[in-house]
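Novice: with the sequence up front, the predicted model follows.
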Amino acid sequence: MSSAFLSLAASTGKIKGPHIDWAGLSPLVAILGGVVVVLMAGLLRPRFAREQLVPGLALVSLLASLGLTIWQLDEDKSLVANSLRLDGLSTTLTVIFLAAGIATTLLSWRALAPRESAHGEYFALMLTSIAGMIVLVWAQDTITLFLGLELLSIPLYVLCATEMRRASSLESGLKYLVVGSVGSATLLYGLALIYGATGSTGYAETAQAFAAKGLSSDTLALGGIALVVVGMCFKASVAPFHQWTPDVYQGAPTPVTAFMAVATKAAAFGVFLRFFDVALIDAQSTWGPALAALATITIIVGNVGALGQSSLKRMLAYSSVAQAGYMLAGVVVSTQLGVRATVFYLAAYLVMNLAAFGVIIARERETGRGDDISAVTGIGASRPLLAWPLTISMLALAGVPATAGFIGKFQLIRATVDGDYAWLGIVIVVGSMISLGYYLKVIAAIWSTDAVDEAPATAGGSVALPALAGGAPDGPVTAPPAKPAWELTLVSVVFGAAIVVIGVLPQPLFDFVERASSAFANLV
Amino acid sequence: MTIHLSLMLWAPAAFALLGALFSGGGRTITRAIAGVGTLIALGYAIALVVDYKSGGGQQYVTDRMWIRELGIHYKLGVDGLNLFLILLTSVLFTATTLWSLQDDRAREGTYWLHLGLGHTFVLGALMAQDLALFVAFFDLMLIPFFFLSLGWGDGPRAERAAAVTKLVIYTLVGSLLMLTAAIALAVLSASQSGNDLSFAFSDLQQVTLTKGSQEWIFLCFAAAFLVKMPSFPFHGWMPDGYRSLPLPVLAVFSGVLSKVAAYGFLRIVVPLLPDAAVHFQTLMLLIALASVLYGSVMAFTTTNARIILGYSSLAQLGFIVLGVFSLTEQGAQGAILQSVNHGLVVAPAFFLVGAAAKRAGGSEDIRDMGGIAFRAPILTVLFLIVAMANLAIPGSSNFVGEFLILLGVFNAKLAIACIAFTGVALAAVYTLRLFIRAMHNRVGQRVDSRDLSLGDALVLVPLVACILGLALYPQLALKKGERTVKGSVAAARQITHPPKAAAAARVPAGGQTVPLDPTTGQPVDPSATGGTTP
């Protein structure tokens, strides 16, 4: 018995674990530590601990991770036996995820969803998802890539369903689970085929194998690439794999929608850039035109789909599809300029969307009208601090000058022209033209002077559980109206101001994202 | 004298913003603060015209690197092309400001904010010496007008929102195509010359792109400018847009914004894309001709007075495009002069329409007007002067402008000039019809004739004085700009009229390119010396 233990101890002593660079790994460790602490704190009995301490701890962990990322900002090294890599792209995107996480924490602080699902679980799931994003874009290996993807996705499936008494939230979670799993499975299959063709899982080895064996026209490898494209397009909601997006975005609790819109998108594009521009760069002539075609379809489908929507979240969902198409253009060209343009646009996209979602959540709570466009009608006169951020955000998403969106599109179009895809630049502006149709509609509503019935649309009645959660199927759709919350105004105003600041003085952000392209020494 | 263009540019917006922030302090304070900003710009504009040295190229240049990554400069400058358009802008915005003082309106602070922003953005588009900066201001200047129409426009709100959305989409469709074209122009120029990416006009002028690139870039720019003007097949937004804008704002919208488009042709398209300009010359002339004829015919079949002025502008802008694409010096000079003339005429014309509508029971339909002259002699005289200027009666500055334009077209394409002459006659038809139906004829049913009030006179008389002044001395506008205007068509002119042996001595660079002054980017004229930027 004791000899068995001894031999076990001896054998574990003999297994040499990989060298771990804890300094480089520290941003991820901070988040994972936060997950544990937040989950534990959520078990405390006092109401204060659950409703104030838990979000506070989540915020602390995110800020700590942000600090550590900034500490490691200019590092360039492999961690944990070449499965993760800390470089410019990793740190830049991690900052974007963490910014999205901090904003989401503020947006969720007094929201309905964490109250319904328990605060500890809600915030722990959110942090786990961020950890997944970090693993995903730091990954240097297809196995790690898949681990990161699942770590990112599974908490999100749950988060979508956290407003448990609202049928549409549950529906949204279920839909996302089904579609997301299909996407993951497709991606996994594709990765397996690529492994079959190249015989390696590391990105660098894959790239070498492509170059050495001339796999750019190999059927097995190309089949793998096609499946990987499909799988990632599901995650990035690129048409025609976007159908889940409007339903899921609309049904999910709005803070979760905001988080999905900005952070998941950034993660998906991070891995797009990393995997295609590093591992599959030799097959660029094959997947480049295919992705360009997908980008075109996405831009048209997203913008046309958004035209008829009266639900703001649904509208922003289609808009996010369209924006994914714009950013895909930066991936297609496979140049350092394209990488910079995509990452810059991701940052701009973050501020534009968070400003808009802050306002939508604030109005949702104040009016009880949900996310219908009537919730923001006439706020120009009554709530200027919400009206201006939303107006600026809509103008920026449409690409009006002096906003972050304009500079972002400018750089993307420059990248397309520079990479001999000038026609894709034209497609981007055609998309922007269509998009004016729905963005201006929102602005017209905001500054409408028509009197709006300020009485809440729904009154809080008896709370019943939907059938799936063990109750009657028709519960109240929204929470009863609440007083204006300062943190929502803060998020809207800060990000609204950021849109204009980036639009007028973009050079600091350009300098910041410059390091992202330094990770792609192989590109011109 | 040093004139800081940045101060002039940002004063209207900055003061309007200040006024909006102090809007709690009462209407008078807001108006006073916003008014100061407008007057500062006007003062600067007059100082510019007085101080501008006729012989020189670009003056009062401000050049800072704005966005290093994109090679965008914050570069402002004044030369013969934009000098008088800047003055026109400031004059018309001052007139609109005075006019707006007459009415009470809700949310006064925001109204002035948007007006001030509009002023700044239009000035910015005119002053910009960097293509990206121009594009940014060109797009931006639409946004305040969107809000002005939405918040304070005429007509039922739902229709207004639809009309102004249509206006914005229409114009931004063009502008966004221009954005792609501008980026392509700079990127291709940079890759052709091997220099860093730069959007400054002076850098772009160093490179002549290949013909194929020039042609698609030209079409994108033309789309932007023709929509903005508007020109015949692209004017779909115009009637609805004009109906929904508030009149004081419409005066400046019609008087100034369309001119920025005409200016864009002379500043960007013709000098930077000379081969394409020559290639598409006939197409552009035909579009312009169609605008002249269609605008004229529509103007004498419509009965709404402000739409008549809208179609009249369509026809006048057709003339301006004719002038630009005659690709001759006379044509280009006529186009700039006519831009100023038309702005000066159309703004008081809208004011007069407003005044006539007030006296006709609020209706802008000319069938409800009539006989207003009866007890309003001063109003009628002023209207007559404006009408005469609009139909380009000999002796008016508009006559000089149209004459130069037609002379230019005559030299370029005889057949088109012959048809365009009918446009001059048609202008008399629709202008006199408007004047007679409004002022004379049988007295309308609800017409209550009364003369100008002091406030009205304050707006109208200075504008009419400007028209008369320019009629007496049109050389003022012609002479100061002569050299720059000639320079902007020089490259295209060399393609249509290859230099002969005698001329070749003046153009050593071998036929295709004009020698450029490296500091100003303007074509060098060896005969002129000195007088450049201090």
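Specialist: The structure has been received and is ready for your questions. Just so we're clear, the structure is a prediction, and the values are computed from it rather than from any experiment.

Novice: where does chain A dip in pLDDT?
Specialist: A:1-14, A:450-483 (pLDDT under 70).

Novice: rerun that using 50 as the cut-off
Specialist: A:455-478 (pLDDT under 50).

Novice: for it, just list every one of the strands.
Specialist: A:77-79, A:84-86 (DSSP state E).

Novice: out of those, deepest packed?
Specialist: Across the strands of chain A, the average number of neighbours (mean count of other CB atoms under 10 Å in any protein chain shown) peaks for strand A:84-86, which reaches a mean of 24. Just so you know, the C-beta spots here come from the backbone N, C-alpha and C atoms, and that holds for glycine as well.

Novice: how far away is the residue of the stretch 151-300 of chain A found nearest chain B from B:Tyr170?
Specialist: Residue nearest to chain B within the stretch 151-300 of chain A (CB to the nearest CB): A:Ile299, separated by 12.7 Å. As judged by CB to CB, to the nearest Å, A:Ile299 and B:Tyr170 stand 20 Å apart.

Novice: so between those two, which is more surrounded?
Specialist: Using other CB atoms under 10 Å in any protein chain shown as the criterion, A:Ile299 and B:Tyr170 rank with A:Ile299 on top: 28 against 23.

Novice: so what's that one up against?
Specialist: By CB atoms under 8 Å, 6 or more residues apart in numbering or on different chains, A:Ile299 lies in contact with A:322, A:325-326, A:427-428, A:430-431.

Novice: what is the nearest of those residues to A:Phe357?
Specialist: A:Ala322 (16.7 Å; CB to CB).

Novice: find the nearest non-adjacent residue to that closest one, please.
Specialist: Nearest non-adjacent residue to A:Ala322, counting by CB to CB, 6 or more residues apart in numbering or on different chains: A:Gly302, 3.0 Å away.

Novice: surely the one you found meets A:Gln243?
Specialist: No. Between A:Gly302 and A:Gln243 no contact is recorded; they are 11.7 Å apart, counting by CB atoms under 8 Å.

Novice: those two: who's more crowded?
Specialist: Taking other CB under 10 Å, A:Gly302 and A:Gln243 do not tie; A:Gly302 has more neighbours (28 against 16).

Novice: quick one: the more buried one and A:Gln309, what's the gap?
Specialist: With CB to CB as the criterion, A:Gly302 and A:Gln309 are 11 Å apart.

Novice: and if you look at B:Ser397?
Specialist: For B:Ser397, the distance to A:Gln309 - CB to CB - is 52 Å.

Novice: swap in B:Pro474?
Specialist: 55 Å.

Novice: and B:Ser258, by the same measure?
Specialist: B:Ser258 sits at a distance of 34 Å from A:Gln309 (criterion: CB to CB).

Novice: who's more crowded, those two?
Specialist: Taking neighbours as other CB under 10 Å, B:Ser258 and A:Gln309 compare with B:Ser258 leading, 25 against 19.

Novice: for the residue in the stretch 351-500 of chain B positioned nearest to chain A, grab the count of nearby residues.
Specialist: Proximity of the stretch 351-500 of chain B to chain A (CB to the nearest CB) peaks at B:Gly362, 20.5 Å away. Around B:Gly362 there are 9 other residues, counting by other CB under 10 Å.

Novice: same deal with A:Leu127?
Specialist: Around A:Leu127 there are 28 residues (other CB under 10 Å).

Novice: give me every residue that touches it.
Specialist: Contacts of A:Leu127 (CB under 8 Å, 6+ apart): A:31-32, A:34-35, A:38, A:58, A:61-62, A:101.

Novice: which parts of the stretch 351-500 of chain A sit against chain B?
Specialist: Residues of the stretch 351-500 of chain A found near chain B (CB under 8 Å from any CB of the partner chain) are A:381, A:395, A:399-402, A:406-407, A:409-411, A:413-414, A:417-418, A:422, A:425-426, A:428-430, A:432-433, A:436-437, A:440-441, A:443-444, A:447-450.

Novice: of those, buried ones?
Specialist: A:395, A:399-402, A:406-407, A:409-411, A:413-414, A:417-418, A:422, A:425-426, A:428-430, A:432-433, A:436-437, A:440-441, A:443-444, A:447-448 (16 or more other CB atoms under 10 Å in any protein chain shown).

Novice: how about the helices in the stretch 101-250 of chain B?
Specialist: Per DSSP state H, counting those that start in this stretch, the stretch 101-250 of chain B carries helices over the ranges B:108-127, B:131-140, B:142-152, B:157-193, B:201-204, B:211-228, B:238-244, B:247-252.
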